[in-house]
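>>> What follows is a predicted structure for the sequence shown.
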Amino acid sequence: MRWKTIVITALIGSAIIACRHDPAEVVAPAPPPTQGEAVSVDLDLVPYPTLSQYRFFNGAMAAHEPNSGVLPYDVITPLFSDYAHKFRFVWMPAGTKANYVNDNVPLDFPDGTVLIKTFYFDNVQPSNTRRIVETRLMIKKAGQWLFADYVWNDEQTEAHLDLNGRFVPITWRDDAGVDHEQNYRIPAWAECFTCHKLNDVPMPIGPKLRNMALSVDYPEGPREQIGKWVEAGYLEAGFPAPQPVAKWNDPDVSLNDRVRAYVDMNCAHCHSEGKHCAYRPMRFAWQDTSDPMNMGVCVEPEDPLPENPELTYIVASGNTFRSMMLHRLASTDESVRMPLMGRTVVHQEAVALITEWINSLPGPCN
């Protein structure tokens, strides 16, 4: 499953040509924000040149104090993004709400919905302070989702629209006092589209009810999140109780379910029917991974890595040395690593999880 540079370039180029939403065609002047005013999402003008023009937040924008109608939300198992932390919010036009479809797909959101996700690091050196890097928006317009990425300035007072992608050098200190230097990747439009699509139609990944069935701390106190959405008028009532995914790092959850939850969020957006890597044999969505073959257990790779002939299975039961999945997760080489996009460093805790899981599987593969 080796990715060649020329293949990546061709895929991204094709996505841009076929589906490009050129920021030069959609960026239009918008009224300057006024403190205390309501959220502004004019579908004829979005995406705005600056994040402040939406008026999603009150006061100093970096504090992320949500304006009226901007609802914080969270997910049980998040996507790994180079150890960045995330704030998540949703906003919908007055009188509209999302509808439940089924546990396996995102909610059906109305036109005008904005999904807001801010990526930040704490303990950034040398000042040991918080650094907000980017805020990604998905805006639903005329039944289609469009992407808008806003890069924050050094002063942390404003974020500007940028769909070209870039690397941002970050040095952050972990809880053990160890510094980590990395080049954080802000994605270009084509990278967003590669992951956020189903049958070449843009779509969200995270807001499935099965990944939202948890308690969230709101200003008035902790609440069950799905009930809060119904109460806020953002979700039509009358749906069956969702069957939640596992929390990938919860030691009280079975090891197998923790692995299933991790690949569901980090891999299934490509390795599912209708997705970017649908031609591969793995099916990593939560509803598919009760079958170990869909996880690649004892499945031979269709295109082995010539420089690593020992990797004879996607997952070799009881044998990490022969497991290609682990090799890809532990690599930062762009021609080898998985996920291909969305990370530039190794998620060490996930590597430890997958290692433990592979060693727990009865083997060997025949």
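Thanks, I have the structure now. Numbering: from 1, shown residues only.

>>> where along the stretch 201-350 of the chain do the helices fall?
Taking DSSP state H, counting those that start in this stretch as the criterion, the stretch 201-350 of the chain carries its helices at 225-231, 255-266, 324-329, 348-360.

>>> and the ones you listed as CSV, adding mean pLDDT?
What follows is the helices of the stretch 201-350 of the chain, written out as CSV (pLDDT from 0 to 100):
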stretch, mean pLDDT
helix 225-231, 96
helix 255-266, 96
helix 324-329, 96
helix 348-360, 98
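
>>> of all these, which lies closest to residue 316?
Nearest to residue 316 among the helices of the stretch 201-350 of the chain is helix 348-360; the distance by CB to CB comes to 7.2 Å. The way it works is simple: take the backbone N, C-alpha and C, and place the C-beta from them, glycine included.

>>> circling back to that earlier point, of the helices of the stretch 201-350 of the chain, which approaches residue 190 most closely?
helix 255-266 (19.8 Å).

>>> and the angle for that closest one with helix 348-360?
If you take axes from the mean of the first three to the mean of the last three CA atoms, to 10 degrees, helix 255-266 sits at 140 degrees to helix 348-360.

>>> Which of the helices of the stretch 201-350 of the chain sits closest to residue 341?
When the helices of the stretch 201-350 of the chain are compared by CB to CB, helix 255-266 sits nearest residue 341, at 11.1 Å.

>>> Mind listing what's buried along the closest one?
Of the residues in helix 255-266, 256-266 count as buried by neighbour count, 16 or more other CB atoms under 10 Å.

>>> Quick one: residues in contact with it.
Outside helix 255-266, the residues within contact range by CB atoms under 8 Å, 6 or more residues apart in numbering are 75-80, 205-206, 211, 245-250, 253, 271, 284-286, 289-290, 295, 339, 342, 350, 353-354, 356-357, 360.

>>> Tell me which residues touch residue 358, please.
Contacts of residue 358 (CB under 8 Å, 6+ apart): 315-320, 323, 325-326.

>>> Distance check, it against residue 298.
Distance, residue 358 to residue 298, by CB to CB, to the nearest Å: 11 Å.

>>> Need the residues touching each of these two.
Contact criterion CB under 8 Å, 6+ apart; residues shared by residue 358 and residue 298: 315-317.

>>> contacting residues around the nearest residue to residue 202 once chain neighbours are set aside?
Nearest residue to residue 202, sequence neighbours excluded (CB to CB, 6 or more residues apart in numbering): residue 145, at 4.2 Å. By CB under 8 Å, 6+ apart, residue 145 lies in contact with 138-139, 196, 202-204.

>>> Lowest pLDDT pick from those residues?
Among these, residue 196 carries the weakest pLDDT, at 74.

>>> residues near the closest residue to that one other than its chain neighbours, how many?
The shortest distance from residue 196 to any residue other than its chain neighbours is 5.5 Å, reached at residue 202 (CB to CB, 6+ apart). For residue 202, the count of nearby residues is 17 (other CB atoms under 10 Å).

>>> returning to what we had before: with distance to residue 192 added, can I get the buried residues of helix 255-266 in TSV?
Below are the buried residues of helix 255-266 laid out as TSV (distance: CB to CB, whole Å):
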residue	distance to residue 192
256	31
257	29
258	28
259	26
260	25
261	23
262	22
263	21
264	20
265	16
266	16
